[in-house]
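> Predicted model and sequence below, questions to follow.
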Amino acid sequence: MEYYNIAKSLTAAKNDCAAGVMGTSVTLTANANQFVSTISVEDANAKADAWLAANVQAYANNVGSCRITAWRGVNPSCVVEPDVNLSPFNYMVIRYKWALGAGQDFDTYTGIINSGTTLDNKWMGWGHGFNNEIPINAQAADSYIMWAGDNTQANGVESCLVNFSKITRDYPTLNTVQIRMAGSWYRTVGTGNIDVEIVTYLGGTMQKSGYDIINVGGTLVDRKNFSKKVPIQGTNLAKNIEAVTNLGYITYIKDSSTGKIVIKY
């Protein structure tokens, strides 16, 4: 009898960049049924884990990119980041990625602010009390905002969807929509380094897939990556966004369907 592995992933940061330059995080996936065992599913999964461990760093170095950062001083909290403009889009996925050594169990705080509606300050992420999506139990295509779930591992990704099409359709008086991003570590913090990946799409539909949210049938418009250090760790921070690390803001402009990202350091 043959047994096959389940899908597994491992994330590593590109580590062959020049001094003063940060490498982005890259995820390598062992697809379901990629490894076979005549012993058990656990043995097939162990083969997948061993393959990931042996290959993820080389994969990250080949596929990842090096991000040059500008410094105002010796303190990494002083990185200068220019505002980033986004071309017309209607869906956005925000991915928080961390590699081994960064910490374990990254928690997101992602939400709408300053709209004057009931959507304000309802953070997506673990323990905030606003469920995984708004409205509750809505599918990705029908959500204003959605969190893909709590990844408690020592490496991986957590993702949030912002459906600007639905927000501006259901709240037509809003000329702009602002998003705040923040985060902390629940279990442990190491280097604290994460990558924030912001991806925008035009058209298609959105679907939840594990800890990710993907676009089906649309066009990828922009993919932006930012490196950020999150030094704060605690098990009682979920109800206080002001106690965690502020990552930045996104503004969506309805008339032009464009946006702007401001990363805070």
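In hand now; what should we look at? Residues are numbered from 1 along each chain as shown.
> Kindly list the longest helix within this protein.
When secondary structure is assigned using DSSP state H, the longest helix within the chain turns out to be helix 41-63.
> Spatially nearest residue to the residue nearest to the spatial centre of the chain, not counting backbone neighbours?
Closest to where the C-alpha atoms of the chain average out (C-alpha atoms, centre = their mean) is Arg95, at 1.4 Å. Leaving out its chain neighbours, the residue that sits closest to Arg95 by C-beta to C-beta, 6 or more residues apart in numbering is Glu197, at 4.2 Å. Every C-beta, even on glycine, is put in place using the N, C-alpha and C of the backbone.
> nearest residue to Asn132 other than its sequence neighbours?
If you skip the residues right next to it in sequence, Asn132 has Trp147 as its closest partner in space, 5.0 Å away by C-beta to C-beta, 6+ apart.
> Who does the one you found form a beta bridge with?
The residues listed as beta-bridge partners of Trp147 by DSSP bridges are Cys160.
> That one touches Glu133, doesn't it?
Yes - with contacts counted by C-beta atoms under 8 Å, Trp147 reaches Glu133, the gap being 7.0 Å.
> who has more neighbours, the two?
Comparing Trp147 with Glu133 by other C-beta atoms under 10 Å, the one with more neighbours is Trp147, at 27 against 22.
> Looking at that one now. What's its pLDDT?
What the model reports for Trp147 is a pLDDT of 97.
> dump the residue contacts of it.
Thr108, Thr110, Met124, Gly125, Asn132, Glu133, Glu158, Ser159, Cys160 (C-beta atoms under 8 Å, 6 or more residues apart in numbering).
> Please dump those residues into JSON lines; it should also carry distance to Ala58, pLDDT and secondary structure for every row.
Output for the contacts of Trp147, formatted as JSON lines (distance: C-beta to C-beta, whole Å; pLDDT from 0 to 100; DSSP: H, G, I helix; E, B strand; the rest coil):
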{"residue": "Thr108", "distance to Ala58": "29", "pLDDT": "96", "secondary structure": "strand"}
{"residue": "Thr110", "distance to Ala58": "32", "pLDDT": "98", "secondary structure": "strand"}
{"residue": "Met124", "distance to Ala58": "34", "pLDDT": "97", "secondary structure": "strand"}
{"residue": "Gly125", "distance to Ala58": "32", "pLDDT": "96", "secondary structure": "coil"}
{"residue": "Asn132", "distance to Ala58": "35", "pLDDT": "95", "secondary structure": "coil"}
{"residue": "Glu133", "distance to Ala58": "37", "pLDDT": "96", "secondary structure": "strand"}
{"residue": "Glu158", "distance to Ala58": "25", "pLDDT": "96", "secondary structure": "strand"}
{"residue": "Ser159", "distance to Ala58": "25", "pLDDT": "96", "secondary structure": "strand"}
{"residue": "Cys160", "distance to Ala58": "30", "pLDDT": "98", "secondary structure": "strand"}
